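K.L.:
let's see this in three dimensions:
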Amino acid sequence: MGNTSMNTNISKLSKKLPVILLASFILSACASNNTIYEAGMEINDPFEEQNRRVMAFNKVVDDNIIHPVIKGYRYVTPTPARSGIRNFLRHVKSPIRLANQLLQGDLDGAGKVVLRATINTFVGAGGLFDVAGYEGIEYEPEDFGQTLAVWGVDPGPYMVVPFIGPSSMRDYTGYFVDGLAAPVRMYLFNTDQEALYYAKFGVDYLDLRDSLMDTMVELDESSFDYYAAVRSTYYQHRHALVNDQDGTAQTELPEIPYYDDE
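P.N.:
Numbers count the residues shown, from 1 in each chain. Model (predicted):
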């Protein structure tokens, strides 16, 4: 009986642990503010020392594992095939992009998402070809992090996560919400096809790293402080996305300089 009670308590604690850790993380960030002003933007980086260590670790992983894999992927996969994969991955995210456009009150943007999805579904072989883009209806990345920004939520502390990369508390929250709400995920999990979802996740990761590798290598080679350069690039790009500035729709640099295409 005692063991059963103990196991129950441990189970409850394990479920609460992520919330406890997140709360501790936020409180420590508030207690240790490190505000930086770059390119006219305010950046809160209270974990700079830890972030730099994590980024150094990620760079070793990139140089010795990720980038060699990407080079192999490019060698065996022709450019048209890689473009088709990227187009399809963007296409299946259309429902999430539509939801975020509506939540932001951007009806024009929502209309473009619907138009792109319709054209590319019926004319672009189910999204493999970006026919809408050829017709001038550009792809516009939208995520819940951008929605939170439009609603007035500050970025919060800057964070660099092992194997994932840099972002802000707000934007990581947005990516998490988008992931849970994705119709593809819901369908595959409800039909006992979780393996297909994880396969898609892996292809997403591979495609994203492919799109970022050249930019990140160039940034590393041309920057005196690689960490500061990535941090500044991240915030500038997110600012441009939130404000729907021209040129951000087709840029090769997505929201976070390491991961996520939207």
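
K.L.:
what are the ranges of the helices in the stretch 151-262 of the chain?
P.N.:
169-181, 183-190, 194-222, 226-242 (DSSP state H, counting those that start in this stretch).

K.L.:
most packed of the ones you listed?
P.N.:
Across the helices of the stretch 151-262 of the chain, averaging neighbours per residue (mean count of other CB atoms under 10 Å) puts helix 226-242 on top, at a mean of 19. Yep, even glycine has a C-beta here, placed from its N, CA and C like the rest.

K.L.:
now that helix and helix 169-181, what's the angle there?
P.N.:
Counting by axes from the mean of the first three to the mean of the last three CA atoms, to 10 degrees, helix 226-242 lies at 60 degrees to helix 169-181.

K.L.:
just to revisit the earlier point, next, format the helices of the stretch 151-262 of the chain as a markdown table and append distance to residue 93 and mean pLDDT.
P.N.:
Listed next are the helices of the stretch 151-262 of the chain as a markdown table, based on distance: least, CB to CB, whole Å; pLDDT from 0 to 100:
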| stretch | distance to residue 93 | mean pLDDT |
| --- | --- | --- |
| helix 169-181 | 8 | 94 |
| helix 183-190 | 8 | 94 |
| helix 194-222 | 9 | 92 |
| helix 226-242 | 15 | 92 |
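
K.L.:
nearest to residue 88, of the ones you listed?
P.N.:
Nearest to residue 88 among these is helix 194-222 (9.2 Å), distances taken as CB to CB.

K.L.:
packing partners for the closest one?
P.N.:
helix 67-76, helix 79-91, helix 183-190, helix 226-242 (3 or more CB pairs under 8 Å, 6 or more residues apart in numbering; DSSP states H and E).

K.L.:
next, format the helices of the stretch 151-262 of the chain as TSV and append distance to residue 116.
P.N.:
Below are the helices of the stretch 151-262 of the chain laid out as TSV (distance: least, CB to CB, whole Å):
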stretch	distance to residue 116
helix 169-181	18
helix 183-190	16
helix 194-222	18
helix 226-242	17
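
K.L.:
between the ones you listed, which gets nearest to residue 83?
P.N.:
Closest of the helices of the stretch 151-262 of the chain to residue 83 is helix 194-222, at 10.0 Å (criterion: CB to CB).

K.L.:
tell me the gap between that closest one and the middle of its chain.
P.N.:
A distance of 10 Å separates the centroid of the chain from that of helix 194-222, by CA atoms, centre = their mean, to the nearest Å.

K.L.:
ok, stretch 175-192 next?
P.N.:
Taking mean C-alpha positions (CA atoms, centre = their mean), stretch 175-192 and its chain are 15 Å apart.

K.L.:
ok, and what's touching that stretch?
P.N.:
92-93, 95-96, 99-100, 143-145, 167, 193-194, 196-197, 200, 260, 262 (CB atoms under 8 Å, 6 or more residues apart in numbering).

K.L.:
is it true that residue 86 touches residue 207?
P.N.:
Yes: if you go by CB atoms under 8 Å, residue 86 and residue 207 touch, sitting 5.4 Å apart.

K.L.:
appreciated, that's everything.
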